[in-house]
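Novice: Curious how this folds, go ahead:
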Amino acid sequence: MAALRGVLPQSTPLAFPFSVVEVVRMGQMSGLSAADPGLPSRALEAVGLGGYENRFFQELSGGEQQRAQLARVLVQVWEPSGADGPCWLLLDEPVASRDIGHQLGVMTLVRDYARRGGGVVAVMHDLNLTAMGADRAVMMAEGRVLAAGAVADVLTDSVLGRAYGCPLRVNAAPADGAVFVLPHSAGKVA
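Specialist: All right, here's what the predicted structure looks like:
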């Protein structure tokens, strides 16, 4: 199963002084590409950590640690599909602790993975990045599904107001029509 599903938890603390490349190789050993010695370096390049191979994982910032963990997950399921069907990236907050440039880089990377035949399921709190990168969305509140479907059908004023308990307005950017979300008040929805 590990060769078909790579899981990125929200955080993965390590108690031992592993190098970055050792962390990435942990994922590679579980995947189908274990024999490819150059794969960890390619994965680190893909997440913007090229040249970090020999640094200690604990010396990295929180965002860099998450990118190293994403590289670990990527080498585990490097090819997005195989004889048994698609491989899956299961990501919990994949853009947390990252600056906007790295957030967009992660979103581009996972969109590319999906375009190449893989599946991606991500828990996201950033509504704008969700609107930009997702094909489908599920809005949940208090453990219940409020809406599911196409992003434009889920990210609506009504659904977001119920989910977050405050009035939110979905807007469209004039340039390309992508939706974005701005709070209009900190007050509670009646």
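Novice: C-alpha from now on. contacts and neighbour counts both.
Specialist: Fine.
Novice: Mark out where each domain of this structure begins and ends.
Specialist: Split into domains by automatic domain parsing, the chain comes to 5-123, 136-190.
Novice: Quickly, which of those domains bottoms out on average pLDDT?
Specialist: Lowest mean pLDDT within the domains of the chain: domain 136-190, at a mean of 83.
Novice: Tell me where this protein has helices.
Specialist: Here the chain has its helices, by DSSP state H, at 20-30, 39-46, 62-76, 100-115, 127-133, 151-154, 157-164.
Novice: For the last one, which helices and strands make contact with it?
Specialist: In other words, helix 157-164. Here helix 157-164 touches strand 136-141, strand 144-150, strand 168-172, going by 3 or more C-alpha pairs under 8 Å, 6 or more residues apart in numbering; DSSP states H and E.
Novice: circling back: winner for burial among the helices of the chain?
Specialist: With neighbours defined as mean count of other C-alpha atoms under 10 Å, these peak in mean count at helix 62-76, which reaches a mean of 26.
Novice: contacting residues around that helix?
Specialist: Defining contact as C-alpha atoms under 8 Å, 6 or more residues apart in numbering, one finds that helix 62-76 is touched by 2-3, 5-8, 11-12, 20, 23-33, 39-40, 43-44, 46-49, 57-58, 89, 94, 96-98.
Novice: Next: stretch 27-39.
Specialist: Against stretch 27-39 from outside (C-alpha under 8 Å, 6+ apart): 2-4, 40, 72-78.
Novice: Quote the end-to-end distance of that stretch.
Specialist: 11 Å (C-alpha to C-alpha, to the nearest Å).
Novice: how about the residue nearest to the spatial centre of the chain, what does it touch?
Specialist: Nearest to the mean C-alpha position of the chain, by C-alpha atoms, centre = their mean, lies P94 at 3.2 Å. Applying C-alpha under 8 Å, 6+ apart to P94 gives the contacts 8, 10, 66, 70, 106, 122-124.
Novice: That'll do, ta.
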